[in-house]
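1. Prediction below, plus the sequence it came from.
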2 protein chains.
Amino acid sequence: MEILQIVKIGGNVLDDQASLSLFLHDFANLDTRSILIHGGGKIATLMAARLGVEDRLVEGRRITSASTLEVVTMVYAGLINKNIIATLQAMGCNAIGLTGADAGVLAASKRPKGSVDFGFVGDISAESLDATRFSVFLDAGLSLVIAPLTHNNRGQLLNTNADTIASAIARCTSERYDVRLIYCFEKHGVTDQSGNVFKELRWEQYQILKEQGVISGGMIPKLDSAFDTLASSVKSVQIIHASDLIAVAGGELKGTLILK
Amino acid sequence: MEILQIVKIGGNVLDDQASLSLFLHDFANLDTRSILIHGGGKIATLMAARLGVEDRLVEGRRITSASTLEVVTMVYAGLINKNIIATLQAMGCNAIGLTGADAGVLAASKRPKGSVDFGFVGDISAESLDATRFSVFLDAGLSLVIAPLTHNNRGQLLNTNADTIASAIARCTSERYDVRLIYCFEKHGVTDQSGNVFKELRWEQYQILKEQGVISGGMIPKLDSAFDTLASSVKSVQIIHASDLIAVAGGELKGTLILK
């Protein structure tokens, strides 16, 4: 099976033009089929403020009102995605930007109201995805750049966590490709309180570290997505510093390897 | 050769949700390969105002500063394009939204500074386009929805007139498909001062009507693009009311037929 590298790039790298250019240069030079999934939270927060749209987070997750959905659609699918595409094209990488609505690649369900109403937020089940919707582009030699928006097949766009999208695409495409999932961000991996990187992290150890409060906050949804991926034929799941992408793609062990 | 219908939808239809839904319903029901090109001027003007970005028009054409480019990238490629895609998907049309940067479909050159500096505006030459960049999607059964942005192959997005894009794509794809180009807008065709529709319009007649001031303003760049198209193997070029799309696709003569 052909190798497919699925790379998630986190918000802090997107916020810094110099880091982003270096990262995109590395992504453009991957010599395998590849998919990039990006977030864009801080740029959306700034744009919401400029537009006077209330930006409310509950437990670190954004409440997506109709106005917030407009903002994230403009920022994720427009501003961020299309500037990444133009940059990758200039670097010789034949990239195409998609939301989950485009070519119907990512259908989702609006999250039911629980104790919190998250608004226009979509949850995807990897089982509902169709690998051929991705392979038609990949096999034509295109690199996909996915903005974190899905749709409900009834005309509604939905805001969806980029870490979760990366995991869902990895699981779905692992039927057809030798998939390596790489979460890139501004840290050197999953760390303890002293900043030491765990070279490997297993599910049971993760549960203990969560209980001890060693792992907390935004790392929890990221790691939950990472561990979810292991229920498929995905070959490896790694959490690394954005600057280590080429090394890791070349087989070096950097950052944290996620294991069952 | 297979039929390819290339449809341009104008700004006024986009501004009215009810007209837009009816139009997209008709587009979704075309039974040929199809490409939709949309503008979005008024929505961009409103968004620029909300963001305090100066929106300056010279001779009816927008001056695109770096801030304006941000706004149109968000509005055209994000807000308008992705809502159209989600709507078409819900109508059973497997649509995918692209700017000219995506998959490198539309490269352009930044317009040189003349008496007016239009800023980040791109001019495309139909001769530089590659029909296979479109056919890879069309032959996979996808309908393309194009936002009026191009790129310069060096990382810069450029604002580009949607009428011109429609004409350039029609010319380029006419090598491979039996192309019909249809400009849809809120009028019943090209009209004289009394509102009578010209059923046909030939180049020489157009020159006379321009001199007489019968045809003026925004119709001139649209008609210039329409006539440019005739220098290729495009089968027909029509300017029609948006509500006549299905009738015209079915072979009825409505609106204005553009002839050499």
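-> On my side now, so go ahead.
2. where does the stretch 1-150 of chain A come near chain B, residue by residue?
-> Residues of the stretch 1-150 of chain A lying near chain B by C-beta under 8 Å from any C-beta of the partner chain: A:47, A:50-52, A:70, A:73-79, A:81-83, A:85-87, A:89-90, A:94-99, A:101-104, A:136, A:140, A:142, A:149. From N, CA and C alone the C-beta is placed, and that goes for glycine too.
3. could you point out where chain A is predicted with low confidence?
-> Flagging of chain A using pLDDT under 70 yields the residue ranges A:60.
4. Can you give me the neighbour number for the residue in the stretch 51-200 of chain A that chain B sits nearest to?
-> Among all residues of the stretch 51-200 of chain A, A:Gly78 sits closest to chain B, at 2.8 Å; criterion: C-beta to the nearest C-beta. A:Gly78 has 30 neighbours, counted by other C-beta atoms under 10 Å in any protein chain shown.
5. check contacts around it.
-> Counting by C-beta atoms under 8 Å, 6 or more residues apart in numbering or on different chains, A:Gly78 touches B:Thr73, B:Met74, B:Val75, B:Tyr76, B:Ala77, B:Gly78, B:Leu79, B:Asn81.
6. Which of the residues of the stretch 1-150 of chain A next to chain B fall in strands?
-> The members of those that map onto strands under DSSP state E are A:Ala95, A:Ile96, A:Gly97, A:Leu98, A:Leu149.
7. which residue sits closest to the third one, ignoring its sequence neighbours?
-> By the measure of C-beta to C-beta, 6 or more residues apart in numbering or on different chains, the closest residue to A:Gly97 outside its immediate chain neighbours is A:Asn81, 4.1 Å from it.
8. Now do the phi/psi pair for A:Ser236.
-> phi -160, psi 150 (degrees, to the nearest 10).
9. That one: how many residues sit nearby?
-> 16.
10. List the residues that contact the residue nearest to it when sequence neighbours are not counted.
-> Spatial nearest neighbour of A:Ser236, chain neighbours left out: A:Arg180 (5.0 Å); criterion: C-beta to C-beta, 6+ apart. By C-beta under 8 Å, 6+ apart, the contact set of A:Arg180 is A:Ile3, A:Leu4, A:Gln5, A:Ile6, A:Val234, A:Lys235, A:Ser236, A:Gln238, A:Ala249.
11. Then A:Arg111?
-> By C-beta under 8 Å, 6+ apart, the contact set of A:Arg111 is A:Phe118, A:Val121, A:Gly122, A:Asp123.
12. rerun that using 6 Å as the cut-off
-> A:Phe118, A:Val121, A:Asp123 (C-beta atoms under 6 Å, 6 or more residues apart in numbering or on different chains).
13. Need the residues you listed in a markdown table (columns: secondary structure).
-> As requested, those are exported to a markdown table (DSSP: H, G, I helix; E, B strand; the rest coil):
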| residue | secondary structure |
| --- | --- |
| A:Phe118 | coil |
| A:Val121 | strand |
| A:Asp123 | strand |
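14. distance of A:Lys42 from chain B?
-> The gap separating A:Lys42 from chain B is 16 Å, by C-beta to the nearest C-beta, to the nearest Å.
15. quick one: the helices in chain A?
-> When assigned using DSSP state H, the helices of chain A occupy the ranges A:11-15, A:17-28, A:41-50, A:66-72, A:81-90, A:131-138, A:162-173, A:203-211, A:219-229, A:245-249.
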